[in-house]
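[1] Generate a structure from the sequence data that follows.
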Amino acid sequence: MELLWKIGYTVGLCAPKPEFITVLADKEVEKGENVILYCEANLKELTAVWEKDGERLSCVQGKHKLDQKVCLFVLEINKAQEGDEGKYTLTLKNKWGSKSCSATVTFAIKEWRNMPKNQSKMVTTLKHYKTCNDDVSELRFLLHGQIGAGKSSIINTIKSIFENRQFVSCLAATTSGTSYTLDYQKYTAGSENTGRLPFAFYDVMGLENNSGGVHTDDIIKALKGHIQNGYKFKPDQPISEDSEYYISKPRLSDKIHCLVSVVATDRIVLMEDVISKMKLIRKEASELGIPQVVFMTRVDEACVLTKNDLSRIYRSRKIKDKMHECSNKLGIPLNCIFPVKNYHDETGLNDNINCLMLEALTQIVLWADDYVKRCSEKQKHVE
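    Residues are numbered from 1 along each chain as shown. This next block holds a predicted model:
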């Protein structure tokens, strides 16, 4: 049998080319922390070549340690410093071929925004919130963004927090597909048992590149209060004034009080056409005086540090860079951008997920109420 195996190698019927069973994983670590990069191959008799940023790694005694345990290839970096940041590549070779994989090592930075922690206080404040105008019984928030960015999942996450259990009332789209949201849909937080909150969230069909998705004119009309709940979107044709869902003379309570742009952290560079549409909508919202914020979702998919420990989100260089990128592309100040994580594969509730979402929700509630107050005062002056 061994002879046949060797003959098979010789004639190329079963050439033992290097293949990875597991690959190197990105690392985001604290300065001074030890870093271990490892992967597993299908063979043990291979030549291993390590590179850093495209150049062969110069191993320093006491700093680097290369090891091979059967088919496991390991690089250890002792007490990593900033100079150790970079892209590390391992190439495995034999006479039948070669295979490479890479991982990036980056460092967490000094906490640049405080991680919210007092969940119960925020929940209590929001549950007992009273709007500034008795004629506006609920503050209205419109969520818009690219398909799969997490609009519907944000609503599900907020409802889960106040129901104190996993709650799914909105069908959520995948990152690449068609929008599940086809109608203009209203969702509230709380229930008869837990108490209704004076907030309403409006979900719309997702924006798409080119001419797909919700029509920007429909979102603008929704901001102005012209669209009733239940209207079915038509990507190629915005709502007409003849529609039974069209409100010709909207009251302040019919209008949107805060625009929430939902952006997937790991897909910002892939949505140029969508961003152009979002900027057009923002321009209209600005002319109406409506406050605007960004909920930056999928932070765990964009950052290893955050994926491993969500409480360290404001120590992540990558998240901070993504927030700056989002700010530059959409023209929204950093203090109006909130990185959040939606419930996705969890089966129970998570304090860090809740706290990030509650902090963002608290801010938009205050800003929406400020807008209602300004509009109410203007209305009094006109009367």
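[2] Please count neighbours and contacts with C-alpha atoms only from this point.
    Noted.
[3] Check which helices and strands the helix ranked longest in the chain is in contact with.
    Under DSSP state H, the helix in the chain containing the largest number of residues is helix 351-382. Under the contact criterion of 3 or more C-alpha pairs under 8 Å, 6 or more residues apart in numbering; DSSP states H and E, helix 351-382 touches helix 119-127, strand 139-145, helix 151-163, strand 258-264, strand 337-339.
[4] do you know which of those lies nearest Lys373?
    Nearest of those to Lys373, taken as C-alpha to C-alpha: strand 139-145 at 11.3 Å.
[5] partner strands of that closest one, parallel or antiparallel?
    The pairing partners recorded for strand 139-145 under DSSP bridges are strand 199-203 (parallel), strand 258-264 (parallel).
[6] Give me the buried positions along that strand.
    Using 16 or more other C-alpha atoms under 10 Å as the test for burial, strand 139-145 gives Leu139, Arg140, Phe141, Leu142, Leu143, His144, Gly145.
[7] Farthest pair within those?
    Using C-alpha to C-alpha, the pair of the buried residues of strand 139-145 lying farthest apart is Leu139 and Gly145, separated by 20.0 Å.
[8] re the thing from before, can you give me the offset of the longest helix of the chain from its chain's centre?
    Between the centre of helix 351-382 and the centre of its chain there are 22 Å (C-alpha atoms, centre = their mean, to the nearest Å).
[9] still on that earlier bit, export the helices and strands packed on helix 351-382 to TSV and tack on mean pLDDT and distance to Lys93?
    Listed next are the helices and strands packed on helix 351-382 as TSV, based on pLDDT from 0 to 100; distance: least, C-alpha to C-alpha, whole Å:
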stretch	mean pLDDT	distance to Lys93
helix 119-127	95	53
strand 139-145	96	46
helix 151-163	93	45
strand 258-264	96	38
strand 337-339	98	42
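[10] Minimum distance to Lys44: which of these has it?
    Nearest of the helices and strands packed on helix 351-382 to Lys44, taken as C-alpha to C-alpha: strand 258-264 at 40.5 Å.
[11] and the closest one with helix 151-163, angle?
    Here strand 258-264 points in a direction 110 degrees away from that of helix 151-163 (axes from the mean of the first three to the mean of the last three C-alpha atoms, to 10 degrees).
[12] Please verify my assumption that Phe233 contacts Tyr184.
    Yes - contact criterion C-alpha atoms under 8 Å: Phe233 and Tyr184 qualify, at 7.2 Å.
[13] can you list residues touching both of the two?
    The contact sets of Phe233 and Tyr184 overlap at Met205 (C-alpha atoms under 8 Å, 6 or more residues apart in numbering).
[14] what about the residue nearest to Gly206 when sequence neighbours are not counted, distance to Val274?
    Distances taken as C-alpha to C-alpha, 6 or more residues apart in numbering place Ile147 nearest to Gly206, at 4.5 Å, with adjacent residues excluded. Remark: distance between Ile147 and Val274 (C-alpha to C-alpha, to the nearest Å) = 10 Å.
[15] Find the residues that touch each one of those two.
    The contact sets of Ile147 and Val274 overlap at Leu207, Glu208 (C-alpha under 8 Å, 6+ apart).
[16] Neighbour count: these two, which is higher?
    Each of Ile147 and Val274 has its neighbours counted (other C-alpha atoms under 10 Å); Ile147 has more, 28 against 22.
[17] can you give me the strands for the stretch 1-150 of the chain?
    20-22, 27-29, 35-41, 47-52, 55-56, 64-69, 72-77, 86-94, 97-107, 139-145 (DSSP state E, counting those that start in this stretch).
[18] For Gly206, which of those strands is the nearest?
    Closest to Gly206 of the strands of the stretch 1-150 of the chain, according to C-alpha to C-alpha: strand 139-145, at 5.7 Å.
[19] for the record, mean pLDDT for stretch 365-383?
    Summarised as a single mean, pLDDT over stretch 365-383 is 89.
[20] Give me the contact list for that stretch.
    By C-alpha under 8 Å, 6+ apart, stretch 365-383 touches Thr131, Cys132, Asn133, Val136, Leu139, Arg140, Leu252, His257, Cys258, Gly289, Ile290, Pro291.
[21] got a winner among those residues for most neighbours?
    For the contacts of stretch 365-383, counting by other C-alpha under 10 Å, the largest number of neighbours falls to His257: 30 neighbours.
[22] Quick check, it in contact with Val136.
    No - the criterion here is C-alpha under 8 Å, and His257 misses it with Val136 at 10.2 Å.
[23] residues touching Tyr246, list them.
    His226, Ile227, Gln228, Ile239, Ser240.
[24] any idea how far Thr216 is from it?
    Applying C-alpha to C-alpha, the value for Tyr246 to Thr216 is 16 Å.
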